[in-house]
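Enquirer: The following comprises the amino acid sequence and a computationally predicted model.
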Amino acid sequence: MSSSIFVNLTTTDLERAKAFYEALGWSINPQFTDENAACVVIDEHLYFMVLTREYFATFTDKQVVDPKTHAQVSLAITRDSREDVDDILAKGLAAGGTEPRDPQDLGFMYSRDLDDPDGNNLSFLYMEPAAAEQGPEAYLAEQGAGSASA
């Protein structure tokens, strides 16, 4: 059985949010989009449901936090290369997003954070395939051994 993930995010301006996510290269599914929500298609199994804060509140009895001041979730999305990470950040920044912290380069993994205009945080990362297969420590040890013998 195949599963899909629908991540619900809040917005104070649905049209702005739709434009932002489309600027990242993703599409809006009009069948599941109305004045309260937009379905952002990231791939065939991953979707963001961007909901007005008022509509989001109908799905919970808990307080709906402001993503500009409170962290509720951190979403990490892989990219195919470091350049792809930089490219999507450039698109997001041009579309009104902000980069809340400096890029992280751990050798085996490169990541950058992007806050959408509502403050929802997205992390984009690239991990060296060998590090994903072997684990970070083994990959870094192998890299160190390779450079020492060169």
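Expert: That came in fine, so what should we check first? Numbering: from 1, shown residues only.

Enquirer: List the residues that contact the closest residue to Ser74 other than its chain neighbours.
Expert: Spatial nearest neighbour of Ser74, chain neighbours left out: Asn121 (5.6 Å); criterion: C-beta to C-beta, 6 or more residues apart in numbering. Backbone N, C-alpha and C define where each C-beta goes, glycine included. By C-beta atoms under 8 Å, 6 or more residues apart in numbering, the contact set of Asn121 is 67, 71, 73-75, 100, 113-115.

Enquirer: make it 10 Å
Expert: Contact partners of Asn121, counting by C-beta atoms under 10 Å, 6 or more residues apart in numbering, are 9, 67, 71-76, 97-98, 100-101, 113-115.

Enquirer: go on, Phe20?
Expert: Residues near Phe20 by C-beta under 10 Å, 6+ apart: 11, 13, 26, 40, 50, 91-92, 95-97, 114, 116-118, 120.

Enquirer: Phi first, then psi, for it.
Expert: Torsion angles at Phe20 (phi, psi; degrees, to the nearest 10) stand at phi -60, psi -50.

Enquirer: residues near the closest residue to it other than its chain neighbours, how many?
Expert: With C-beta to C-beta, 6+ apart as the criterion, Phe20 has its nearest non-adjacent residue at 4.8 Å, and that residue is Ala95. If you count neighbours by other C-beta atoms under 10 Å, Ala95 ends up with 17.

Enquirer: Likewise for Thr33?
Expert: Thr33 has 16 neighbours, counted by other C-beta under 10 Å.
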